[in-house]
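S.K.: got a predicted model here, sequence first, then my questions.
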Amino acid sequence: MIGDIQKDQVASAYQPSVEVGLFTAKVKKDYNLGWEILNRSWTELNDKSVIEDTNRGQRTFNAFVDETVSNQADAWKWRGTRSKARNKALVVHAHMTSGYIFPSFLAQNNADEEDRDFSEAMNDSVEWLGNNSNYKQSFLLASMGMLVNPVTYMGAEWYDVMQTIKEKTAEGYTKKEIQDEILSGFSAPIYSSSQILISNPHEQNIQKHRVIFKRRYIEYAEAEAKYGQHENWEYVKPGVKSVYNSDDGLFYDVKDDEHPFLVAEETPLYRRDDTEVCFLGGVYMGNPNVDDNPIRHRDNRGAPKYNVVPFGYQRINEHFFYYKSLMNSMWWDNQLADAQYELAMNTAFLVSNMPTAVMGPDKLDSDIIFPSSVVNLDKDTRISSLLPNLNPGALWDAFRHTEDSMEEASVSDQAGGQLPPGSTKATASVIAQRQAEVMLKAVGKPLSESIAQFGDLMKDVVINHLSIADIGEIVGDNVELKYRTLVLKNKMINGRQKDKIIKFDGNLIDKKLTKKEKDEADVALYEETEKKGEGKTSLMLINPVLFSKAKYLIRVEPEILFPKNKEYQQAIGTQVFAQQSKNPYVSLEALTRKVLYSFYGSETEDLMVKPDTMQQVLGKEGAPQTVAGQQAANSVTGSAFSGTGLV
């Protein structure tokens, strides 16, 4: 997209139409604006650019140490780092990623009424999307990136990519086109701070930016798989960029010495103009008509969206787009801690191996100074220390004060798993733990906001790619439409661990059922599922059209950073069981399963009695029939089976 054109440079073989050339000139101008934003110094970043702040944060996290020695007389000195900032980041990251965070959805119909069936279906569909993609890996990378960099982006992309394979036949090998499962489907790529260019550094909502650029370097083979069918593919070369010259309107090939074997993939997106075009090495890979390049990612209304979400540690002010990373906030304290530690260590070395001055006829050096050595000295020889009154203890005290300052900017060592000193009172430990939770909740709010925005993009992918029909077999004039079936393993449903099946059913599209008909269908579906799956599966049928037309509100709570441990769940579950076991509005079976599951996990089913035995027990003990009837009703029409989508 950009490059230096030499005066004697030969024009490229790639010379597109005038319309494409003018569009490229516009894109290049916007690209230069985004590049200038990345490299401009900002007061909000301590008069450093985004690139400089990123590099400094990564050096701090990677515990970079300059090991060069300009003066050999100083070679004995200790040089290194205590890595306090890195250690704090690892503790915070461990809390942030104690569980993979998925957004939750609240579905509303046209009357703005809550639709619990579609809410549950969307929650499960997004979870399936995350489990069957690189979302979890990208979540770990994005949450770490927000601690180190001024911004890290996560994208939500869907591709249908074909690949050519060789298939052996009786006549030999033939070529066949199949779907490339590695490059196809949903992907959540991570973009660094320099891989996304923005147009307004003073607008925090990325959807309001006039234009953004996605830029990265990819393998030539991957580029060919995605764009090899385009008419301009022949002009794409690894390690070469085609640069537009506004002076004469021609393109020139410029060597990319930093990436000689890769291809630059640069994609501008104009949301308001609904335009998205990829440039490979500066070569236009869009529609010959520059106005016919709509943005690929769209919501259920067909409106375009930018499919990247920024992640950051702390907002700097109310307008600045970029964030203050944890490495940025701890940089000075980390530098001071390293300097103090280096000074204290060097002082300790000198105290242990004190340089001395010898006055008199005798000569003392390292040749005669060793353990158990016996030396005869002249009576006039005097020995004195060159550096009297060294006190490394004061330096260690100063170092500990600096560590305390770093704890105030992040979390305490106790929150990282270290035991407090024996003199620490229990009350102080509880207060420290609560303060750590408050600090982590503050960190969790920006993370929750970003995950909610990303959940909105995942919701669009579910609606536009999972709930729609694919073309199956074509027999004569008939085309078979195939809808997806999603399977989620080991879901807790009414206290029972089951495999949950979500099926988008095209037969439901034109059906209009009354509530009574829907309830009857729910019961029939439940009975069929229980019989075929032996109680180990739960089936939910979804009307894909109504599902795609619903409105979805997204929410992520920071409290998810503090998952309940096993001991907590066991204690609370036991108390709830004691209090609610005789409540006629509570399913005793479901409550029993939840309590037992906290103790025995997947072995819970081995402890539960069979339904026939349960009825005998209830009858012998004279249990009220109203309670038994309520439990039976709960087991059929409860939340596990009401989501059939028969609406």
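M.R.: Sure thing, it's come through. Remember, it's a predicted structure, so these values are computed and weren't measured experimentally.
S.K.: rest of the way, CA atoms for contacts and neighbours
M.R.: Fine.
S.K.: now Asp180: how far from Thr164?
M.R.: 9 Å (C-alpha to C-alpha, to the nearest Å).
S.K.: who has more neighbours, those two?
M.R.: In this view Asp180 and Thr164 are compared by other C-alpha atoms under 10 Å, and Asp180 has more residues nearby, 16 against 13.
S.K.: hang on, that one packs against Ile165?
M.R.: No: the criterion here is C-alpha atoms under 8 Å, and Asp180 misses it with Ile165 at 9.8 Å.
S.K.: helix or strand right after the host helix or strand of Trp332?
M.R.: Assigned by DSSP states H and E, Trp332 falls within helix 326-352. Beyond helix 326-352 on the C-terminal side, the first helix or strand identified by DSSP H and E is strand 356-359.
S.K.: tell me the strands beside that following strand, with direction?
M.R.: strand 382-385 (antiparallel) (DSSP bridges).
S.K.: how far does the strand it pairs with sit from the chain's center?
M.R.: Averaged C-alpha coordinates place strand 382-385 at 63 Å from its chain's average position (C-alpha atoms, centre = their mean, to the nearest Å).
S.K.: got phi/psi on Leu539?
M.R.: Note on Leu539: backbone dihedrals following degrees, to the nearest 10 are phi -110, psi 140.
S.K.: report the beta-bridge partners for it.
M.R.: Per DSSP bridges, the residues bridged to Leu539 are Ile501.
S.K.: report pLDDT for it.
M.R.: pLDDT recorded at Leu539 is 83.
S.K.: now swap in Gln616 and tell me
M.R.: pLDDT at Gln616 comes out at 55.
S.K.: equivalent analysis for Ser329, please.
M.R.: Confidence for Ser329, expressed as pLDDT, is 89.
S.K.: burial count for it?
M.R.: Using other C-alpha under 10 Å, Ser329 is surrounded by 18 other residues.
S.K.: over to Lys594?
M.R.: By other C-alpha under 10 Å, neighbour count at Lys594 equals 24.
S.K.: now do the buried residues in stretch 154-171.
M.R.: Within stretch 154-171, the residues that qualify as buried by neighbour count (16 or more other C-alpha atoms under 10 Å) are 154-158, 161-162.
S.K.: my bad, stretch 347-359
M.R.: 347-348, 351, 354.
S.K.: just the residues you listed now: which is nearest Arg593?
M.R.: Ala348 (61.2 Å; C-alpha to C-alpha).
S.K.: which stretches of the stretch 101-250 of the chain have low pLDDT?
M.R.: Counting by pLDDT under 70, the stretch 101-250 of the chain has no low-confidence residues at all.
S.K.: which stretches of it form helices?
M.R.: Applying DSSP state H, counting those that start in this stretch to the stretch 101-250 of the chain gives helices spanning 116-131, 135-148, 220-227.
S.K.: make CSV out of these and add distance to Phe311.
M.R.: Listed next are these as CSV, based on distance: least, C-alpha to C-alpha, whole Å:
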stretch, distance to Phe311
helix 116-131, 18
helix 135-148, 6
helix 220-227, 27
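S.K.: format those helices as a markdown table; extra columns: mean neighbour count and distance to Thr592.
M.R.: Shown next, in a markdown table, are the helices of the stretch 101-250 of the chain (neighbours: other C-alpha atoms under 10 Å; distance: least, C-alpha to C-alpha, whole Å):
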| stretch | mean neighbour count | distance to Thr592 |
| --- | --- | --- |
| helix 116-131 | 21 | 23 |
| helix 135-148 | 22 | 32 |
| helix 220-227 | 16 | 53 |
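S.K.: nearest to Leu326 among these would be which one?
M.R.: Once those are compared by C-alpha to C-alpha, helix 135-148 is nearest, at 4.9 Å.
S.K.: pull the CA atoms of that closest one into PDB?
M.R.: What follows is helix 135-148, C-alpha atoms only, in PDB (Å, rounded to 0.1, in the frame of the first residue of the first chain):
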ATOM      1  CA  TYR A 135     -11.900 -18.400  20.100                       C
ATOM      2  CA  LYS A 136     -10.500 -19.800  23.400                       C
ATOM      3  CA  GLN A 137      -6.900 -19.500  22.300                       C
ATOM      4  CA  SER A 138      -7.600 -15.900  21.000                       C
ATOM      5  CA  PHE A 139      -9.300 -15.000  24.300                       C
ATOM      6  CA  LEU A 140      -6.100 -15.900  26.200                       C
ATOM      7  CA  LEU A 141      -4.000 -13.900  23.700                       C
ATOM      8  CA  ALA A 142      -6.300 -10.900  23.800                       C
ATOM      9  CA  SER A 143      -6.500 -10.800  27.600                       C
ATOM     10  CA  MET A 144      -2.700 -11.000  27.800                       C
ATOM     11  CA  GLY A 145      -2.300  -8.300  25.100                       C
ATOM     12  CA  MET A 146      -4.500  -5.800  26.900                       C
ATOM     13  CA  LEU A 147      -2.000  -6.000  29.900                       C
ATOM     14  CA  VAL A 148       1.000  -5.400  27.700                       C
END
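S.K.: spatially central residue in this protein, please.
M.R.: Phe139 (1.9 Å; C-alpha atoms, centre = their mean).
S.K.: ok, the residue nearest to it when sequence neighbours are not counted - how many residues close by?
M.R.: Nearest residue to Phe139, sequence neighbours excluded (C-alpha to C-alpha, 6 or more residues apart in numbering): Tyr100, at 7.5 Å. Neighbours of Tyr100 under the rule other C-alpha under 10 Å: 14.
S.K.: what of Glu114?
M.R.: 16.
S.K.: what residues are up against the residue lying closest to it once chain neighbours are set aside?
M.R.: If the residues on either side of it in the chain are set aside, Glu114 comes closest to Gln108, at 4.6 Å by C-alpha to C-alpha, 6+ apart. Contact analysis of Gln108 by C-alpha atoms under 8 Å, 6 or more residues apart in numbering lists 114-115, 550-552.
S.K.: check the gap between Gln108 and Leu546 for me.
M.R.: 11 Å.
S.K.: beta partners of Lys241?
M.R.: Beta-bridge partners, per DSSP bridges, of Lys241: Val254.
S.K.: in this structure it contacts Asp256, no?
M.R.: Yes: applying C-alpha under 8 Å as the test, Lys241 and Asp256 come out as touching, 6.7 Å apart.
S.K.: mind checking pLDDT for Gly417?
M.R.: For Gly417, pLDDT reads 51.
S.K.: with adjacent residues omitted, what lies nearest to Asn62?
M.R.: Closest to Asn62 by C-alpha to C-alpha, 6+ apart is Arg86, at 7.1 Å.
S.K.: no wait, Tyr552
M.R.: Counting by C-alpha to C-alpha, 6+ apart, Tyr552 lies nearest to Ala107, which is 4.5 Å off, once chain neighbours are set aside.
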